[in-house]
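>>> predicted structure and sequence below. I'll ask about it afterward.
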Amino acid sequence: MLGGMDAEPDLRILQANERTLLAWVRTGLTLMAFGFVVARMSVWLHVEHPEREDGALGSWLGIAVIALGTACHIVGAVRFVLARRAIIAGRSIAPGAAGPVAIATLVSALGIAAIGYLAASAG
């Protein structure tokens, strides 16, 4: 029921919700691919320079970025389902900001960690 009348939800709104989910998926896949590259690059650098002891840190940084990409998929899927249910039921959509803010904060923290890792590796 929408506004007291029997009506179908607007297809454009449902499709916009799906596009938002796809944006979350793209972001998650990008983070996962980048995390894989960071982890593999760390292994390669360790092979090239076995005298260095910081190889594990780069691998853990890559694993953390992969986990963050996975979290993007989970947050996106949960938000999609909640929004879809609200759209179909004719309720207003009020998604929380905790998931996106947490992911943005973690991306920033991992970026700072990467800067520190690269600075330590450079000199």
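Nice, I can see it.
>>> residue ranges with poor pLDDT in the chain?
Of all residues in the chain, those with pLDDT under 70 make up the ranges 1-6, 45-55, 123.
>>> at the geometric centre of it, which residue do we find?
Among the residues of the chain, residue 72 comes closest to the average C-alpha position under CA atoms, centre = their mean, at 3.0 Å.
>>> what's the first helix or strand after the helix or strand containing that one?
For residue 72, the host element (DSSP states H and E) is helix 55-89. Remark: after helix 55-89, the chain's next helix or strand is helix 98-122, criterion DSSP H and E.
>>> how about residue 29: what's its closest non-neighbour residue?
residue 69 (6.7 Å; CB to CB, 6 or more residues apart in numbering). Placement of C-beta: from N, CA and C, glycine included.
>>> give the other helices and strands that the host helix or strand of residue 37 contacts.
Using DSSP H and E, residue 37 sits within helix 11-48. Here helix 11-48 touches helix 55-89, helix 98-122, going by 3 or more CB pairs under 8 Å, 6 or more residues apart in numbering; DSSP states H and E.
>>> so what's the gap between the last one and the chain middle?
By that I understand helix 98-122. How far helix 98-122 lies from its chain's middle: 13 Å, per CA atoms, centre = their mean, to the nearest Å.
>>> that older thread, pretty sure the residue nearest to the centre of the chain sits against residue 23.
No: look at residue 72 against residue 23 with CB atoms under 8 Å: they stay out of range, at 9.6 Å.
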